[in-house]
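**Q** Got a sequence here, can you build the structure:
(one chain, ligands or ions: 1)
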Amino acid sequence: MLGAQIIDGKAIAADIRRELKAEINELRKQDIVPGLTVVLVGDDPASQTYVRSKQRACAEVGIRSEVKALAKDVSQAKLIALIEELNSDPEVNGILVQLPLPAHIDSDVVLRVIDPAKDVDGFHPVNVGSLWTGLAGQGFVPCTPSGIMELLHRTGIQPEGLNAVVIGRSNIVGKPMAGLLLQSNATVTICHSRTQGLEEHCRQADILVVAIGRARFIQRDWVKPGAVVIDVGMNRVDGVLCGDVDESVRQVAGYITPVPGGVGPMTIAQLLRNTVIAAQRTL
Ligand code: NAP
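**A** Numbering: from 1, shown residues only. Presented below is the predicted three-dimensional model:
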């Protein structure tokens, strides 16, 4: 057994950043510099790290980025007022509210305040609706699942007619992932913590997307030989980053994304892409 072909998300994300640089140069010729504003509430170290890496990625391709940092006890009303200000600022193409928000703030309410045309995370109900009505090209699609579709596409994997199983039903990963695979004509099953016979569902999958958040959960004998396995999980075990899929799955899968270096870099690349699209749409 040769083992799975590794889908190199780091390399594919680097290709996308190169392509975006060229598009940004074209926009600059028309005096447009794409701008992303990240709203960060509180001092959660993980959120701060994510925001820093988003800023670095923006700088590398030529996107203007700005962080609006608010104290962790900021009122929901103040946060909403800031977002409304950003909605009407023509210099701001993309607005991203870093999640999770502190417990006293209702993130559903806050996310609905973002202008859908600037919602580069794709979480606004208008954008969710566009995805599920087959109009994803007109709105914004969440970055992690759209990054996964890009990985499949650039690896030459066509979902049409295949059995796709998505484990996890979050608004950020699982649900939009299922929507995109359905739009690509896969036959889609969504599994979650109440699913019965999870292993059996997994074994039916030609494409298995795992977004659970439990380290090394998916085992080798749950996976159909030759299947495409996309590991979205990011778990820290004894300080080491690992996915939701056990290493042993590499022996049976046809393709697999590593953790780190698989889905993660694609998420940021798609955020950059959405920001560039938002800027292009102002033309
Ligand atoms: P989430 O909101 O916590 O959702 C987890 C999902 O997994 C839920 O739908 C849950 O089911 C399901 N689940 C939990 N235990 C299960 C079990 N034993 N069997 C079957 N399903 C189970 O997490 P998320 O935001 O989607 O993220 C999932 C993972 O992806 C995390 O590790 C996260 O860090 C990672 N992630 C990575 C990236 C990236 O860029 N690489 C981006 C986003 C997230 P219920 O709905 O029934 O509770």
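
**Q** CA only for contacts and neighbour counts going forward, please
**A** Noted.

**Q** which intervals of the stretch 51-200 of the chain have sub-threshold pLDDT?
**A** Judged by pLDDT under 70, the stretch 51-200 of the chain has no weakly predicted residues.

**Q** Would you map the strands across it?
**A** 64-70, 94-97, 163-167, 187-191 (DSSP state E, counting those that start in this stretch).

**Q** Skip the chain neighbours and tell me the closest residue to the spatially most central residue of the chain.
**A** By C-alpha atoms, centre = their mean, the chain has its centre lying nearest to Thr144, at 1.6 Å. In this structure, Thr144 finds its nearest non-sequential neighbour in Thr267, 4.5 Å apart by C-alpha to C-alpha, 6 or more residues apart in numbering.

**Q** follow-up on the earlier one: relative to Gly3, which of the strands of the stretch 51-200 of the chain is closest?
**A** Closest to Gly3 of the strands of the stretch 51-200 of the chain is strand 163-167 (C-alpha to C-alpha; 20.7 Å).

**Q** Can you tell me the strand partners of that closest one and which way each runs?
**A** Paired strands of strand 163-167, with direction, are strand 187-191 (parallel), strand 207-210 (parallel) (DSSP bridges).

**Q** so which of those strands gets nearest the ligand?
**A** Of all the strands paired with strand 163-167, strand 187-191 sits nearest to the ligand, with 6.0 Å by C-alpha to the nearest ligand atom.

**Q** Run through the residues of the stretch 51-200 of the chain sitting next to the ligand.
**A** Residues of the stretch 51-200 of the chain lying close to the ligand (C-alpha under 6 Å from any ligand atom) are Thr144, Ile167, Gly168, Arg169, Ser170, Ile172, Val173, Gly174, His192, Ser193, Arg194.

**Q** Buried subset of those as a PyMOL selection?
**A** Command for PyMOL, covering only those of those found buried under the criterion 16 or more other C-alpha atoms under 10 Å:
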select buried, resi 144+167+168+169+172+173+174
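
**Q** Can you tell me which of the residues of the stretch 51-200 of the chain next to the ligand is closest to Ser88?
**A** Of all these, Ser88 sits closest to Ile172, with 25.6 Å by C-alpha to C-alpha.

**Q** Can you tell me the closest non-neighbouring residue to Ile83?
**A** Ile114 (6.3 Å).

**Q** Hmm, Gly94 and the one you found touching each other?
**A** No: Ile114 lies out of contact with Gly94 (C-alpha atoms under 8 Å); the separation is 9.5 Å.

**Q** Please say which of those two ends up with more neighbours.
**A** Using other C-alpha atoms under 10 Å as the criterion, Ile114 and Gly94 rank with Gly94 on top: 29 against 22.

**Q** how near is the more buried one to the ligand?
**A** As defined by C-alpha to the nearest ligand atom, to the nearest Å, Gly94 lies at a distance of 18 Å from the ligand.

**Q** go on, Ala136?
**A** 19 Å.

**Q** before we move on, what about Pro159?
**A** Distance from Pro159 to the ligand, by C-alpha to the nearest ligand atom: 20 Å.

**Q** and that residue, what does it touch?
**A** When contacts are counted by C-alpha atoms under 8 Å, 6 or more residues apart in numbering, Pro159 is found next to Leu181, Ser184, Asn185, Ala186, Ile207.

**Q** close enough to count as contact, the third one and Glu160?
**A** Yep, that's Asn185 we're talking about. Yes: under the criterion of C-alpha under 8 Å, Asn185 makes contact with Glu160 at 4.5 Å.
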